[in-house]
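Student: Need a 3D model of the sequence below.
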Amino acid sequence: MKSCRGMLVLALVLFANGARAQPEDTEQSAAEMMRPAGGAIDKGLEFLASQQNEDGSFRSNSMGRNPAVVGLGGMAFLASGSTPDRGPYGREVSRAVDYLIANTRPDGFICPPGGQGHGPMYGHGFATLFLGEVYGMTPREDLRDSLSRSIELIVRTQNSEGGWRYNPVPADADLSVTICQIMALRAARNAGLHVPKETIDKCEEYVKKCQEPDGGFSYMLDNRGSMFPRSAAGVVALYSAGIYEGPEIERGLAYLDRHLPNAAQAGRESHYFYGHYYAIQAMWHAGGNRWQRWYPAIRDTLVRSQRADGAWQDSVGPEYATAMSCIILQIPNNALPIFQR
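Tutor: Numbers count the residues shown, from 1 in each chain. Sure, this is the predicted structure:
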């Protein structure tokens, strides 16, 4: 069986990415926290690999060709320590890269035929984030070209408020699409690509305006009200814009504190995997007691809800839910630049 815990592979990736070594006690703590999830991660990654087609898409009839699902699947493999053509899931990573490059349009829009789904800028954002994480791990020129064009599309489609919406036109904006784009921009900037400062500044202003008095975040500037999934996304959007402390962060984290994961939520909470994908990032960056409290709670909830075949399930499909779950459970690996503290 392929193992997601190959420490040699993980060490090589951390070295290649220039990751700062964590203090020994922090590494031990992360390893201890992940240990109960080890088998679940292995089974989840095995399931994802078994569902990937030769072209890099997945078998699901509804969303398997969606670039967000492909990008998130690739992120799950990267989080285990694999890189393009290296490590237990190196082939799967390369397939995902191939698929997204092949489906990058001349204008930079990553939008495969039949794979658009609801709101194609979601797919574009997650796919661009994945390509930004892979960039630097492989010398492929076609990757740089695809990534550069996809980033340029994000920059030119930002609307006057500072956000993005379902389609690549600078019209209206909502927070859930905006977080996808700002994370992609952050990944590209981390990898050395140019991202205009004014784009980041406008996005930061938009996200701050979306925050509610209770610390949560609204969906749109004219559609107010806090909910957990988009509030987790709002905190991570601020982190991605380079805001690591201040009243907006503290109020956002305090709001999330009231939504500690529990088994009763699983399967009933709207946008469950989406929300916890961002919440785990928020708590990882916050560190301290928040992280020590949050990770075991979501870990145990996900381990209990995994299917016998290694998958997790929601309305988007098993590949999406499984990729999200594997990313969440592997956050302590610290293997991806976008998640590093």
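Student: can we go C-alpha only for contacts and neighbour counts from here?
Tutor: Noted.
Student: Let me see the ranges of the helices in the stretch 51-200 of the chain.
Tutor: All helices of the stretch 51-200 of the chain, identified by DSSP state H, counting those that start in this stretch, fall at 67-79, 90-102, 120-134, 141-156, 175-190, 197-210.
Student: Of all the ones you listed, which one is nearest residue 292?
Tutor: For the helices of the stretch 51-200 of the chain, distance to residue 292 was read as Cα to Cα. The smallest value, 19.9 Å, belongs to helix 67-79.
Student: what ranges of the stretch 1-150 of the chain fall below the confidence cut-off?
Tutor: For the stretch 1-150 of the chain, the stretches flagged by pLDDT under 70 are 1-28, 115.
Student: right, and the helices of the stretch 51-200 of the chain - which one's nearest residue 54?
Tutor: helix 90-102 (7.0 Å).
Student: between the closest one and helix 67-79, how many degrees?
Tutor: With axes from the mean of the first three to the mean of the last three Cα atoms, to 10 degrees defining the directions, helix 90-102 sits at 150 degrees from helix 67-79.
Student: Residue 45 contacts residue 78, doesn't it?
Tutor: No. Contact between residue 45 and residue 78 fails when scored by Cα atoms under 8 Å: they sit 10.6 Å apart.
Student: quick one: contacts for residue 230?
Tutor: When contacts are counted by Cα atoms under 8 Å, 6 or more residues apart in numbering, residue 230 touches 175-176, 217-219, 275.
Student: now the residues you listed as TSV including distance to residue 312?
Tutor: Written out in TSV, the entries for those read as follows (distance: Cα to Cα, whole Å):
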residue	distance to residue 312
175	26
176	22
217	27
218	28
219	26
275	15
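Student: I would like a ChimeraX command selecting only the buried ones among the residues you listed, please.
Tutor: Those of the contacts of residue 230 that meet the burial criterion (16 or more other Cα atoms under 10 Å) are gathered into one ChimeraX selection, given here:
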select :175,176,217,218,219,275
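Student: from the contacts of residue 230, which is closest to residue 118?
Tutor: Closest to residue 118 out of the contacts of residue 230 is residue 176 (12.6 Å), distances taken as Cα to Cα.
Student: element containing the residue nearest to that closest one when sequence neighbours are not counted?
Tutor: Taking Cα to Cα, 6 or more residues apart in numbering as the measure, residue 176 lies nearest to residue 230, with 6.1 Å between them; neighbours along the chain are not counted. According to DSSP states H and E, residue 230 maps onto helix 228-240.
Student: can you pull the buried residues of whichever helix or strand comes after that helix?
Tutor: Downstream of helix 228-240, the next assigned helix or strand under DSSP H and E is helix 247-257. Of the residues in helix 247-257, 248-249, 251-253, 255-256 count as buried by neighbour count, 16+ other Cα under 10 Å.
Student: No further questions, thank you.
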